[in-house]
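*Asks:* Structure of the sequence below:
(one chain, ligands or ions: 1)
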Amino acid sequence: MGMESRVLVLAHCLLNKATRWWQEGKPLERNIGLAAEIIEYALRHNIGVIQMPCPEFTFCGNPRPSRTKDEYESLPGFKEHCDRLARSVAEQLKTLTSISVRPRIYVLAIVGVRRSPSCAVRSATRKVCGEVKVVEERGVFMDALERHIAREGLNVEFLEFDFDHPQEAIIGLKRILARE
Ligand code: SF4
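*Replies:* Residues are numbered from 1 along each chain as shown. Here you go, the predicted model:
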């Protein structure tokens, strides 16, 4: 790795669970604190972290209704909002990686959130025949981010964090680090 400084680019709620979807009647515990597993991993391996904006919170706040990807897609202005945020994140990553010489900044991965209609990498939720299904698709924001990342000429791996199975993302990170 030489003088490279590795960074992880994290979905906002991995560092601030308060922005996760919450509705009256839901336990508040799921919205307190951060995803400790990924932060501990970053600390142990001397990896920096960058926090992306939360597209749902910045558009709807909290509490907000539970929505699937298709429902967010049809929410007026939401796709454009995601596109603006994604463009800004991609530009930031382009700047960080293109003008860092010593140490050179290297983006290890972009980490989204499993089953999120906005931040899923391969597990967005969709209404199919009236039922909510997990489908192998990116969320609205990750869709836009992938496009802008490609437009900036960046080649970055996408991973998904599952709040119910946090170790899966850690296995993914170990796999990426082992390849270096
Ligand atoms: S998964 Fe994405 S949209 Fe949902 S709370 Fe986290 S950062 Fe916000």
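
*Asks:* Can you pull out the low-pLDDT segments for the protein?
*Replies:* Within the chain, the stretches with pLDDT under 70 are 1-2.

*Asks:* That one: helices as residue ranges?
*Replies:* 36-44, 55-60, 69-73, 78-98, 140-151, 167-179 (DSSP state H).

*Asks:* Which of the ones you listed sits closest to Pro117?
*Replies:* helix 69-73 (4.1 Å; C-beta to C-beta). All C-beta spots, glycine's among them, are computed from the backbone N, C-alpha and C.

*Asks:* elements contacting the longest strand seen in the chain?
*Replies:* Determined from DSSP state E, the single longest strand within the chain is strand 104-113. Where contact means 3 or more C-beta pairs under 8 Å, 6 or more residues apart in numbering; DSSP states H and E, strand 104-113 is packed against strand 4-10, helix 78-98, helix 140-151, strand 158-161, helix 167-179.

*Asks:* who's in contact with stretch 74-92?
*Replies:* For stretch 74-92, contacts defined as C-beta atoms under 8 Å, 6 or more residues apart in numbering pick out 9, 50, 52-53, 55, 58-59, 67, 72-73, 118, 140-141, 143-145, 147-149, 151-152, 154.

*Asks:* re earlier: as a markdown table, the helices of the chain with distance to Arg122 and mean neighbour count would be great.
*Replies:* Below are these laid out as a markdown table (distance: least, C-beta to C-beta, whole Å; neighbours: other C-beta atoms under 10 Å):
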| stretch | distance to Arg122 | mean neighbour count |
| --- | --- | --- |
| helix 36-44 | 18 | 15 |
| helix 55-60 | 18 | 20 |
| helix 69-73 | 12 | 19 |
| helix 78-98 | 17 | 18 |
| helix 140-151 | 9 | 21 |
| helix 167-179 | 12 | 14 |
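
*Asks:* Out of those, which gets nearest to the ligand?
*Replies:* helix 55-60 (3.8 Å; C-beta to the nearest ligand atom).

*Asks:* and the closest one, does that touch the ligand?
*Replies:* Yes: using C-beta under 6 Å from any ligand atom, helix 55-60 reaches the ligand at Pro55, Glu56, Phe57.
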